[in-house]
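Novice: Any chance you can model this:
(one chain, ligands or ions: 1)
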Amino acid sequence: MDRARRRKFGQNFLDVETATAIAGDLPAEAGEFVLEIGPGHGALTEHLLNRGLELTAVEIDEQCVEVLNEKFKDYKNFNIVNIDFLKFDLQAFLDAHAKPWVTGNLPYNVSTAIIAGLMPRLHLTKGFMGMVQLEVAERICAEPCSSNYGSLSVLVSAFANTQILRKIGPEHFTPKPNVDSATMLLTPREDAIQAPDGFFDFVRTAFTQKRKTLANSFGRNYDKKKIQATIELLDWPTTIRAEELSPEQFLNFYKAFKGEN
Ligand code: SAM
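Specialist: Model prediction:
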């Protein structure tokens, strides 16, 4: 397989031992549905199929699809769709497969887009267990007031309980990536936030100048006087910063800003 293809599709394949350990972390029972994103040559897939899971894999690279179709031709519990996951009809899949687990060693160039797209539908799944770049996992799983906390943390923790499971160094892949990786478990929150339209744009904007106080961090995108008035209305200190707010506090702030409280 050529290098350009590997780079284009973010292809770094796991060694057998690490794949075995990661696949073992998926808390799924035989017979349950699993959606695997980016199966590559099937390092995780093989373990999941051998556990009797009903697996659908979504893989963009037709060469990988050929390899997988040959490798798993005798498995009745294996299905594959050759498509870019960002174009895959996730809702149709979720309508047809009750509460699947979602998993995968995600291609790093699209991992945040995949996770962000999954979050509003996470309640239709059992959860996500899979791998991203360590830095992304740390941002996703960060708590308020920590240095990694940002809009991605708010977006994901609005919908999910988050946990980093394993940190995995480059030596466990072929070819070796330039970054460290980590697996995470994201399970649906029973009290997930019902985000109104515009909420996540508001949160993203609040973090674009995260060193500034909340009153100054929205730039020209939102009416500054109204932002200041909302902070006063909520009786918050004028020094408060975006990184101090939990998803719930952000929601209260947004609703008060919109006059909905
Ligand atoms: N699961 C394998 C493993 O752990 O060895 C491969 C993981 S590799 C990091 C990412 C995989 O995702 C590759 O097989 C790549 O072809 C595939 N991929 C890249 N972009 C994709 C996309 N947009 N949709 C679906 N699959 C994609």
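Novice: what does the stretch 101-250 of the chain put close to the ligand?
Specialist: Within reach of the ligand by C-beta under 6 Å from any ligand atom, the stretch 101-250 of the chain has these residues: 105, 107, 110. For glycine as for every other residue, the C-beta is placed from the backbone atoms N, C-alpha and C.
Novice: top of these by neighbour count?
Specialist: Highest neighbour count within those: residue 105, with 28 neighbours (other C-beta atoms under 10 Å).
Novice: Skip the chain neighbours and tell me the closest residue to that residue.
Specialist: Nearest residue to residue 105, sequence neighbours excluded (C-beta to C-beta, 6 or more residues apart in numbering): residue 131, at 4.3 Å.
Novice: Now that the one you found has come up, it's in contact with residue 177, right?
Specialist: No: using C-beta atoms under 8 Å, residue 131 is not in contact with residue 177; the gap is 10.8 Å.
Novice: neighbour-wise, which of those two wins?
Specialist: residue 131 (26 against 16).
Novice: Assign the more buried one to helix, strand or coil.
Specialist: Under DSSP: H, G, I helix; E, B strand; the rest coil, the three-state class of residue 131 is strand.
Novice: What is the burial count for residue 220?
Specialist: Residues within reach of residue 220, counting by other C-beta under 10 Å, total 6.
Novice: Mind pulling up the pLDDT for it?
Specialist: You'll see residue 220 listed with a pLDDT of 87.
Novice: Equivalent analysis for residue 3, please.
Specialist: pLDDT for residue 3: 82.
Novice: hmm, back to that, check contacts around the residue nearest to residue 105.
Specialist: 22, 104-106, 168, 181-184 (C-beta atoms under 8 Å, 6 or more residues apart in numbering).
Novice: hmm, try it at 6 Å
Specialist: Applying C-beta atoms under 6 Å, 6 or more residues apart in numbering to residue 131 gives the contacts 105, 181, 183.
Novice: Out of those residues, the closest to residue 35 would be?
Specialist: residue 105 (13.6 Å; C-beta to C-beta).
Novice: and the closest one, what pLDDT?
Specialist: According to the prediction, residue 105 has pLDDT 98.
Novice: With residue 48 as the reference, measure out to it.
Specialist: In this view, residue 105 and residue 48 are 12 Å apart by C-beta to C-beta, to the nearest Å.
Novice: And residue 28, by the same measure?
Specialist: Residue 28 is 8 Å from residue 48, by C-beta to C-beta.
Novice: Show me which of these two is the more surrounded one.
Specialist: Using other C-beta under 10 Å as the criterion, residue 28 and residue 48 rank with residue 48 on top: 24 against 21.
Novice: what sits against residue 249?
Specialist: Residue 249 touches nothing, counting by C-beta under 6 Å, 6+ apart.
Novice: ok, now how distant is it from residue 162?
Specialist: Separation of residue 249 from residue 162 (C-beta to C-beta) stands at 17 Å.
Novice: Strands of this structure, residue ranges please.
Specialist: For the chain, the strands defined by DSSP state E cover 13-14, 33-37, 54-59, 78-82, 101-105, 127-133, 160-168, 173-174, 181-188.
Novice: which residues of this structure score low on pLDDT?
Specialist: 1, 261 (pLDDT under 70).
Novice: Show the contacting residues for residue 80.
Specialist: Per C-beta under 6 Å, 6+ apart, neighbours of residue 80: 57, 65, 68.
Novice: Perfect, that will be all.
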